[in-house]
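S.K.: sequence isn't available, so here's the structure alone:
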């Protein structure tokens, strides 16, 4: 999928585990795992807002758009 | 209106559907028994009819009418069973807490087709009644059923609503 999720990188940068994030944003670990592995079909604005608040980042730090065929 | 809790209403609906299925099976067995009885006991039936009509009506024609009615009724019992089985399956998904699935849209469409078949058979029954009246044979009364046709329409509309609902639900699956 052209939209890539960089939740793992942000968690690493903030020295935070997925479980800690799950507790802070009040979203189940299972759902965060789906998001982290790029298996989610859509993300709610409320989820994005909670994650950005917890990780002190911008939506663009978590999600990036890469056109098909661009592996960079 | 008295308040009935959802689990109780669901349980009651399931029991009613099951009771209808048993009643439908009993009717099918009854129809079959009568149909079989007119074969070996044809002379007895004809004697009884001759006493009833006093020779005013051809008893062979009356027996033929009874058989036609029963032959019309037997497939309808199967149609009603399919309808009730679909309804029972829908109630099952409600009990499981997940009724907005494509399978239920298909079941509602099945219910719609079964209701349509019943309505067409009802028209055939009405036509039989008309012929029976012309031949002066006593026959069950018949009236066109407006609510039955309305039921067909509602079932097909609900099937479309469920299909759209299931598609929207699938869209939401995987949303975080």
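M.R.: Nice, thanks for sending it over. Just so we're clear, the structure is a prediction, and the values are computed from it rather than from any experiment. Numbering: from 1, shown residues only, chains lettered A, B, ... in the order given.
S.K.: what residues does chain B put near chain A?
M.R.: Selection of chain B residues close to chain A by Cβ under 8 Å from any Cβ of the partner chain yields B:171-176. Quick note: C-beta positions are derived from backbone N, CA and C, even for glycine.
S.K.: at 10 Å what do you get?
M.R.: By Cβ under 10 Å from any Cβ of the partner chain, the part of chain B that sits against chain A consists of B:170-176.
S.K.: redo the residues you listed as a markdown table? Include secondary structure.
M.R.: Conversion of the residues of chain B next to chain A to a markdown table gives the following (DSSP: H, G, I helix; E, B strand; the rest coil):
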| residue | secondary structure |
| --- | --- |
| B:170 | helix |
| B:171 | helix |
| B:172 | helix |
| B:173 | coil |
| B:174 | coil |
| B:175 | strand |
| B:176 | coil |
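S.K.: filter the residues you listed down to the buried ones, PyMOL style.
M.R.: In PyMOL, selecting the buried portion of the residues of chain B next to chain A, with burial taken from 16 or more other Cβ atoms under 10 Å in any protein chain shown, looks like this:
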select buried, chain B and resi 176
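S.K.: show me the helices in chain B, by range?
M.R.: B:6-37, B:42-53, B:59-96, B:102-134, B:146-172 (DSSP state H).
S.K.: which of the residues of chain B next to chain A sits closest to residue A:48?
M.R.: Distances from the residues of chain B next to chain A to residue A:48 were compared by Cβ to Cβ; the smallest belongs to residue B:176, at 9.2 Å.
S.K.: that closest one reaches residue A:37, doesn't it?
M.R.: No - judged on Cβ atoms under 10 Å, residue B:176 makes no contact with residue A:37 at a distance of 11.0 Å.
S.K.: who touches both of the two?
M.R.: When contacts are counted by Cβ atoms under 10 Å, 6 or more residues apart in numbering or on different chains, the set common to residue B:176 and residue A:37 consists of residue A:5.
S.K.: give me the most central residue, chain B.
M.R.: Computing the C-alpha centroid of chain B and ranking residues by Cα atoms, centre = their mean puts residue B:80 first, at 3.5 Å.
S.K.: got the phi/psi numbers for the residue of chain A found nearest chain B?
M.R.: As assessed by Cβ to the nearest Cβ, chain B sits closest to residue A:41 within chain A, at 3.4 Å. Torsion angles at residue A:41 (phi, psi; degrees, to the nearest 10) stand at phi -90, psi -30.
S.K.: mind listing what's buried along the longest helix along chain A?
M.R.: Among all segments of chain A classified by DSSP H, the helix with the greatest residue count is helix A:45-55. When burial is assessed from 16+ other Cβ under 10 Å, helix A:45-55 yields the following buried residues: A:47-48, A:50-52, A:54-55.
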